[in-house]
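Mind looking at a prediction? Sequence and model below.
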Amino acid sequence: MADQNIDLEQEKALFERLKSDPEAVGEVYDKYAQQLYAFLLKRCGHKETAEDLVALSFTRLLESSQKLEWKGVPVCAWLYRVATNALADHWRSSAVRKSTSLDDEDEGWDPPSLDDPAWTAEMTIEGERLRAAMDQLSIRDQEVLSLKFYAGLATEEVAEELGISNNHAAVLVYRALGRMRKVLTQTTK
């Protein structure tokens, strides 16, 4: 998950180093590759595709590093935009959109106890409930909620990713959550 307390001064320094120091790309990779991979895996549901898109995102970062301009947001916001665009290009080129599971294993997360049948059953039921509820939302709501909660982006980063104001991003998250809540309460009745 993205660090919610990103130090913008450190990010700016890293951003500026990208222009002259090729090792800075390695630092960005170490800092953001795993969360970018998890974000893409959730969106496309295919490990190899997610890996390819992460590699493509960092290749584009390396190619564009000389031209990038600091706009007051972390480098990860730029990476998420590139990754989202690359995924959209992938869907267009393959003409296939795969439905993904919300309970796909994240390699960086270890469940409390794999041998606890009650926990396993509860997680399976909740995962199915959330997956069904997300499928009933619009693509825009799914994207907003995925950026905010799955990718762990702050509202400002969601705004940057979507190319909208911070206020508009907060409203989109609030409304998407309201629609998700409505779907979930309807399914429990």
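Happy to help now that I have it.

Tell me where the model's unsure across this protein.
Where the chain drops to pLDDT under 70, the residues are 1-6, 94-123, 187-189.

so what are the domain limits for this protein?
As recorded under automatic domain parsing, the domains making up the chain are 1-98, 113-189.

what would these look like in a markdown table with mean neighbour count?
(Each C-beta comes from the backbone N, C-alpha and C, glycine too.) Formatted as a markdown table, those follow (neighbours: other Cβ atoms under 10 Å):
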| stretch | mean neighbour count |
| --- | --- |
| domain 1-98 | 16 |
| domain 113-189 | 15 |
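
now whichever strand or helix holds T84, how far from the chain's geometric center?
Using DSSP states H and E, T84 sits in helix 75-94. Relative to the centre of its chain, helix 75-94 is centred 10 Å away, using Cα atoms, centre = their mean, to the nearest Å.

by contact count, what packs against it?
Applying 3 or more Cβ pairs under 8 Å, 6 or more residues apart in numbering; DSSP states H and E, one finds that helix 75-94 makes contact with helix 8-17, helix 23-44, helix 47-64, helix 155-162.

Need the contact partners of that helix.
2, 6, 11, 14-15, 18, 28, 31-32, 35-36, 39-40, 43-44, 49, 53-54, 56-58, 60-61, 68, 97, 143, 147, 151, 153, 157, 160-161 (Cβ atoms under 8 Å, 6 or more residues apart in numbering).

That'll do, ta.
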